[in-house]
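Student: what would the 3D arrangement of this be:
(2 chains)
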Amino acid sequence: MLTQAPKGTQDLLPQGSYRVQAVEAIMRQVCDLYGYREVRTPVFEHTELFQRSVGDTTDVVQKEMYTFTDKGDRSITLKPEGTAGVARAFLEGKLYQEPLPCKMYYVSTPCFRYEKPQAGRLRQFHQHGIEVFGAKDASVDAEVIALAMDVLHRAGVKNLHLGINSIGCPLCRAAYHEALQAFLAPKLPGLCENCRDRFGRNPLRILDCKEEACQKAIQGAPGILDHLCADCAGHFDALQGYLAALGIDYEVDSRIVRGLDYYTKTVFELIAKLPTGDLTVCGGGRYDGLIGELGGPPTCGIGFGMGVERLLMVQELERAAPPAPRLYDAFVCTLGRDARLKGLSLVADLRKAGLSADLDHAARSLKAQFKYADKIGAPYVVVLAGDELAKGAAKLRDMAGSSEEEVPFEHLIPTLKERLGRD
RNA sequence: GUGGAUAUAGCUCAGUAGGUCAGAGUGCCAGGUUGUGGCCCUGGAGGCCGUGGGUUCAAGCCCCACUAUCCACCCCA
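Tutor: This is a model prediction of the structure:
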């Protein structure tokens, strides 16, 4: 127990951390190109924030949150997603008084959901995400989608499928709910228990049900897209025009509904098509009512969340994972006490010159030092020993080429830099 | 929350009909060369066989419970 991480959590070990760092660097780089700036919000918030934004009736809020009472008797919840906290920060920081749109991103933000873990689903997971406030034109919807795809493509994801839908605004959704309920009412007894429950609360989600009986029942059901109000329909059309202008392929999929209550109009999913099956790596949408719901000035918003662990999974399955960077540019092997003293200062000089380097700290034989240098993949080994040392020189060994040359100390760093193609 | 599978060295796994059953490969450490890696040879460390009960003269192997992991559903990143 003591030596086992809690269920659904993972350590990021030194061997694998470069993978996450690489994906974080891509996210930052792309966000930078699009003019987004980083935002960081607390890992926990007042429980009420999620109840109000994500929605009281959602699965996430009803059964998946890590909620506890703190010593001040406040109900606190570890964030289950990224948007609510950023929306809160937008309000608290009065960012609506700054020039809009306000474009923000976050990297590897930890999120928590109490779920049964399985492939690509953890209790603590990490999301990259962006949020844009104060931009109502569908061009920003297209930008948000394009940014996500840009990140995924640069991360090496090949078979990406974009599905988009519009779930309308409160106005047209109410009308649609009525139409849908009218259609489903006679079939109600045939639906699964879950869906009978959804019928009154959120009939939209019945379309998403995988139960065979429910799938059958919704055959021929009215589609949300046919019930959008003029504003929402126009927005959705505009989005499709913008996507086309960007050369982005997409599929309109009316089954995309999303499980968070704050969404309005545009919703989308980016799915990696893998030999092992589909994996949703990114999902998002517009939430024009969220800021108002939280008591702020009416401000539209849109964003996405991208699963870092899932992205890493896709990279692995598509063999798109970058190779591990080398640990050292040069490893210094020493023989004898004098050599060791010289080695220590040489390593310091190498580091000062911007070359990563180290020497044996385990008091091992010269042979073992070489084995170690080989195992960690050091491209060059500097040997400090006997004769050369006395002459003020070292042996520089090219490990891949198995060639060796004598280099005076003062030429060591320039020579290494040249070999490594630095400067 | 529902259903299924699995649980033996750091890792991948053998362990056959319960009775030398605690093993192999790989990795790790060291030696074979007290000035040199990758190949090869030798040696070493490391497992109360997930935990707790039960059946039996005897259990890694059978039964039960628990825990953990994995997979599917639900949900979602």
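Student: please list the residues of the stretch 251-400 of chain A that sit near RNA strand B.
Tutor: A:257-260, A:269, A:277, A:280-283, A:305-307, A:309-310, A:335, A:362, A:364-368, A:370-375, A:381, A:383, A:385-388, A:395, A:397, A:399-400 (C-beta under 7 Å from any atom of the strand). From N, CA and C alone the C-beta is placed, and that goes for glycine too.
Student: and A:Lys375, what does it touch?
Tutor: Residues counted as contacts of A:Lys375 (C-beta atoms under 8 Å, 6 or more residues apart in numbering): none.
Student: which residues of the stretch 201-350 of chain A score low on pLDDT?
Tutor: A:201, A:208-214 (pLDDT under 70).
Student: kindly recompute the last result at 90.
Tutor: Scanning the stretch 201-350 of chain A for pLDDT under 90 picks out the ranges A:201-227, A:254-262, A:274-278, A:316-321, A:323-324.
Student: residue of it nearest RNA strand B, please.
Tutor: Residue of the stretch 201-350 of chain A nearest RNA strand B, by C-beta to the nearest atom of the strand: A:Gly259 (0.8 Å).
Student: can you count the residues close to that residue?
Tutor: A:Gly259 has 16 neighbouring residues, counting by other C-beta atoms under 10 Å.
Student: ok, it touching A:Asp59?
Tutor: Yes - with contact defined as C-beta atoms under 8 Å, A:Gly259 reaches A:Asp59; the gap is 6.1 Å.
Student: tell me the bridge partners for A:Phe112.
Tutor: Applying DSSP bridges to A:Phe112 gives these bridge partners: A:Gln124.
Student: hmm, it is touching A:Thr67, no?
Tutor: No - using C-beta under 8 Å, A:Phe112 makes no contact with A:Thr67, being 10.0 Å away.
Student: which residues do the two both contact?
Tutor: With C-beta under 8 Å, 6+ apart, A:Phe112 and A:Thr67 have common neighbours A:Leu78.
Student: and those two? which has more neighbours close in?
Tutor: A:Phe112 (22 against 17).
Student: let me see the confidence value for the more buried one.
Tutor: Looking at A:Phe112, its pLDDT stands at 95.
Student: can you list the strands that whichever strand or helix holds A:Val383 pairs with?
Tutor: Per DSSP states H and E, A:Val383 falls inside strand A:380-384. Strand pairing for strand A:380-384, using DSSP bridges, gives strand A:330-334 (parallel), strand A:393-398 (antiparallel).
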